[in-house]
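Participant: Quick one, fold the following:
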Amino acid sequence: MNIKQILAAVLCSAAFAGAAQANDLEPVIAGKHRTEAYVARDKYRHPAETLAFFGIAPHMTVVEISPGGGWYTEILAPYLKDKGTFYAAHFPQDSDVGYYQRSLAAFKEKLAADKDNYGKVILTEFDPASAKEIAPSGSADAVLTFRNVHNWMRNDNDQKAFNQFFAALKPGGILGVVEHRAKPGTSRERMIESGYVTQAYVIDLAEKAGFVLEASSEVNANPKDTADHPKGVWTLPPSLRLGDKDKDKYLAIGESDRMTLRFRKPKM
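Facilitator: Numbers count the residues shown, from 1 in each chain. Model (predicted):
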């Protein structure tokens, strides 16, 4: 990174930090529209602090990648509906994967059932193996992905995904990444198997796509998580893949240790 890129990143960081501090996410997070089971996970996922760290403001154009059941959509969509634009880049409509189809159908039902909060959501498709746009090229202020990187690694689509994020963002735009964190030196094969990814690996993906790492946060860190469980990250809540076996032990650990990284697309 040259001196111009460094200065640009510092200036952009200051501007975004000021905007984030002025925004109040708490009324949306406390909203009665949120799913009760999702609210129970706030203590692990720290949505207000995470979105503030990413610099999300209500006037922005934001893309959420693979929103799944809509945990973050329940916060982002109503937060952005009046002044901003929100794209939910979900699974492809024409996918032959049954899980993808069921997840997408349930998400559409969720949007249709609450027009007040989700009526302005723009539903797009995210498929790193294709050329489909998650949002118009160069249009987004921020692209956000939560606990997804390990999934793209299985089919060698991880670098393609980061390249798509870069294309969707405006110059100066933000990429926010939250991901389960593996111990340094963990092999790629083990990352895929366990669902935990090293922070260095994620940074490398982003930098190869053209991003500059601007800041990291420990807001989603969990020192109780050793990242070496029998069923990988899915051993822990909310999955609890082992069922009742050692359930209290894994509930006491809580959700996974996670990196929280903010990248910038350079302006020049």
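Participant: switch to C-alpha atoms for all contacts and neighbour counts from now on
Facilitator: Fine.
Participant: Quick one: the strands in the protein, in order.
Facilitator: For the chain, the strands defined by DSSP state E cover 61-65, 85-90, 122-125, 140-146, 169-180, 212-217, 258-264.
Participant: and the last one, which strands flank it?
Facilitator: Yep, that's strand 258-264 we're talking about. For strand 258-264, the paired strands and their directions (DSSP bridges) read strand 169-180 (antiparallel), strand 212-217 (antiparallel).
Participant: re the thing from before, ok, which of the strands of the chain comes nearest Leu242?
Facilitator: Leu242 sits nearest to strand 169-180 of all the strands of the chain, at 18.6 Å, using C-alpha to C-alpha.
Participant: Please work out which of the strands paired with strand 258-264 is packed deepest.
Facilitator: Highest mean neighbour count of the strands paired with strand 258-264: strand 169-180, a mean of 24 (counted as mean count of other C-alpha atoms under 10 Å).
Participant: quick one: that one to chain centroid distance?
Facilitator: Remark: strand 169-180 is offset 9 Å from the chain centroid, using C-alpha atoms, centre = their mean, to the nearest Å.
Participant: Now tell me what touches it from outside.
Facilitator: Outside strand 169-180, the residues within contact range by C-alpha atoms under 8 Å, 6 or more residues apart in numbering are 12, 54, 137-149, 165, 195-197, 233, 256-268.
Participant: relative to strand 140-146, how tilted is that strand?
Facilitator: Interaxial angle of strand 169-180 relative to strand 140-146 (axes from the mean of the first three to the mean of the last three C-alpha atoms, to 10 degrees): 10 degrees.
Participant: Quick one: mean pLDDT over strand 169-180.
Facilitator: The average pLDDT within strand 169-180 is 98.
Participant: try stretch 198-215
Facilitator: Stretch 198-215 carries an average pLDDT of 98.
Participant: buried ones in it?
Facilitator: 198-199, 201-203, 205-207, 209-214 (16 or more other C-alpha atoms under 10 Å).
Participant: can you redo those as a markdown table with distance to Tyr44?
Facilitator: Shown next, in a markdown table, are these (distance: C-alpha to C-alpha, whole Å):
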| residue | distance to Tyr44 |
| --- | --- |
| Thr198 | 20 |
| Gln199 | 19 |
| Tyr201 | 23 |
| Val202 | 21 |
| Ile203 | 23 |
| Leu205 | 26 |
| Ala206 | 25 |
| Glu207 | 28 |
| Ala209 | 29 |
| Gly210 | 31 |
| Phe211 | 27 |
| Val212 | 27 |
| Leu213 | 24 |
| Glu214 | 23 |
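Participant: farthest pair in the residues you listed?
Facilitator: For those, and using C-alpha to C-alpha, no pair is farther apart than Thr198 and Gly210, which are 19.1 Å apart.
Participant: roughly how far apart are Asp156 and Gly232?
Facilitator: 20 Å (C-alpha to C-alpha, to the nearest Å).
Participant: I am finished for the moment; much appreciated.
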